[in-house]
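**Q** Predicted model and sequence follow; I will ask about them next.
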Amino acid sequence: MSNALLSANALTCIREDRILFDQLSFDIMPGDLLQIEGPNGAGKTSLLRILAGLSRPYDGQVEYAGASIERERDAFYENLLYLGHLAGVKGELTAQENLAFNLTMHGDQCNDLDAALATVNLTGFEDALASHLSAGQNRRIALARLWQSEAKIWILDEPFTAIDKAGVNELETLFVKHIDNGGAVILTSHQDIQLGADRLKRITLDYNFY
């Protein structure tokens, strides 16, 4: 029996009559950090959404702990943290309220929210409405969940968007800590990740014209 946390089995994705990827298979093991690469339109976000159970593939299936994610839906989502390309914060809530809402919605602990926001350099903005903050600050509100999450599988679409160099370094350090504790990270990024070839796996999607 496989010890994979997540398995992609012969995934095929078609969008607007164009094949993005075909018969794509791979396993995500505890301790894996996988970067999905490729040009715009190659299907990176589509693949992440399929892995997170937010979209269905044209063919193939995604398995969690050896069973389809549909069959193990509750257990799968208890162990998944997904951050999409958009920040996913509510403008009418404060930074702290947004973080508390997202953590509660996903069953995570709402302990020491100020410390979590401080980790992403939002000290002093805890009570500011998200609508009054910059795109980068809203992104950091979403990313603060990572420091509180108990999920084993992190699926992150462009987590470094609107984040400065110091923030990128902090995220990379957190990723290493997470995979060293038996978790897994799957992400897309247009920039190089400075973790070394021994810590980082890559899948490259090509842009198909058919």
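**A** Yep, that arrived. Quick caveat, the model's predicted, so the values are computed rather than measured. Numbering: from 1, shown residues only.

**Q** What segments of the protein are strands?
**A** Taking DSSP state E as the criterion, the chain carries its strands at 6-15, 18-28, 33-37, 59-64, 67-68, 80-83, 153-157, 184-188, 201-204.

**Q** for stretch 32-46, how far is the first residue from the last?
**A** 20 Å (CA to CA, to the nearest Å).

**Q** Begin at 59 from now on, thanks
**A** Noted, 59 is the first residue going forward, which turns the last one into stretch 90-104.

**Q** in it, what counts as buried?
**A** Buried residues in stretch 90-104, defined by neighbour count with 16 or more other CB atoms under 10 Å: Asp90, Leu91, Leu92, Gln93, Ile94, Gly96, Ala100, Gly101, Lys102, Thr103, Ser104. (Each C-beta comes from the backbone N, C-alpha and C, glycine too.)

**Q** Give the bridge partners for the residue nearest the centre of the chain, please.
**A** In the chain, the residue lying closest to the centroid (CA atoms, centre = their mean) is Leu214, at 1.9 Å. In this entry, Leu214 is beta-bridged to Leu141, Leu245, by DSSP bridges.

**Q** same question, Phe84
**A** Counting by DSSP bridges, the residues bridging with Phe84 are Ala66.

**Q** I figured it hits Asn67, correct?
**A** No. Using CB atoms under 8 Å, Phe84 makes no contact with Asn67, being 9.2 Å away.

**Q** Need the single longest helix in this protein, by residues.
**A** helix 223-238 (DSSP state H).

**Q** what helices or strands is that one leaning on?
**A** strand 91-95, strand 242-246 (3 or more CB pairs under 8 Å, 6 or more residues apart in numbering; DSSP states H and E).

**Q** So which of the ones you listed is nearest Cys71?
**A** When those are compared by CB to CB, strand 91-95 sits nearest Cys71, at 12.4 Å.

**Q** Which elements pack onto that closest one?
**A** helix 102-109, helix 223-238, strand 242-246, strand 259-262.

**Q** Quick one: the helices and strands packed on helix 223-238 as CSV, columns for mean pLDDT and distance to Leu187 too.
**A** Converted to CSV, these look like this (pLDDT from 0 to 100; distance: least, CB to CB, whole Å):
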stretch, mean pLDDT, distance to Leu187
strand 91-95, 95, 33
strand 242-246, 96, 29
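
**Q** low-confidence ranges in this structure?
**A** Residue ranges of the chain with pLDDT under 70: 59-60, 254-255, 267-268.
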